[in-house]
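A.B. asks: A predicted structure for the sequence below; I have some questions about it.
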Amino acid sequence: MVSERLNKYLALQLGISRREADNLIQKGLVKTNGKPAILGGRVENDDIITVKGKEVGPTVAHQYLMFNKPAGYVCSRKQQGDTPTIYKLLPRQYHNLKPVGRLDKDSSGLILLTNDGDFAFQMTHPRFYKTKTYHVTLDQPLEPLHQQMIADFGVRLEDGTSKLGLTSETEDKKDWTVTMHEGRNRQIRRTFSALGYTVQKLHRSQFGMFSLGDLEPGETKGIKP
């Protein structure tokens, strides 16, 4: 291994961002050859790095994956009740990768997975303004006033105002293309619910520069950031 920055090494090994790695170092949770690591430190060939007393290594390459998640699966490693996780569908060689953002159990579509914490941070932090596109089906036609509220003024939720881009897909006003730049928990569903609608189907087709294309449900595809 060529000498490299400790925070970069930890980010790769643990699938976290460099900022998170620096926080671990600052808290004294990282040791190099038994001694507390310092910010800005480097890792050499024979160094033994531990985090919370557990040895870290060997170095692995960054991986980036696109996955078409079917509805009925949760984006976590732990199964929730009888609901299976996406790792039931993913090939075993990808089980070390973490989802970049999430889709709830009842939603489908594009999920990115990686072991690159910096990439995950850049894709999910609001300041990087990554556009996400969803296709939504409602239980009833969306009233023009409600459309204007959502798109122009925003709908007040318990965690702040939610404003979404809306484009109608059908004449009956039940199917919509929704664009957004945030990623709050179940934000789209909660926005429509606040106005008396139920989202019957929610499918994500695009996340930043990445698009599902013809990727079938349950399939994966390697990508380059």
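C.D. replies: The structure has been received and is ready for your questions.
A.B. asks: list the contacts of the closest residue to residue 119 other than its chain neighbours.
C.D. replies: Distances taken as Cβ to Cβ, 6 or more residues apart in numbering place residue 225 nearest to residue 119, at 5.4 Å, with adjacent residues excluded. The C-beta positions use only the backbone N, C-alpha and C, and glycine is treated the same way. Remark: with contacts taken as Cβ atoms under 8 Å, 6 or more residues apart in numbering, residue 225 is in contact with 64, 116, 119.
A.B. asks: quick check: the gap between the residue nearest in space to the middle of the chain and residue 222.
C.D. replies: Geometric centre of the chain, nearest residue: residue 101, 1.5 Å, by Cα atoms, centre = their mean. Residue 101 sits 19 Å away from residue 222, going by Cβ to Cβ, to the nearest Å.
A.B. asks: same thing with residue 11?
C.D. replies: Distance from residue 11 to residue 222, by Cβ to Cβ: 20 Å.
A.B. asks: how about stretch 31-41: buried residues?
C.D. replies: Residues 31-32, 37, 41 are the ones in stretch 31-41 that count as buried (16 or more other Cβ atoms under 10 Å).
A.B. asks: nearest to residue 97 among those residues?
C.D. replies: Taking Cβ to Cβ as the measure, residue 97 sits nearest to residue 37 out of the buried residues of stretch 31-41, at 25.8 Å.
A.B. asks: what sits closest to the closest one if chain neighbours are left out?
C.D. replies: Using Cβ to Cβ, 6+ apart, the closest residue to residue 37 is residue 30 (4.2 Å).
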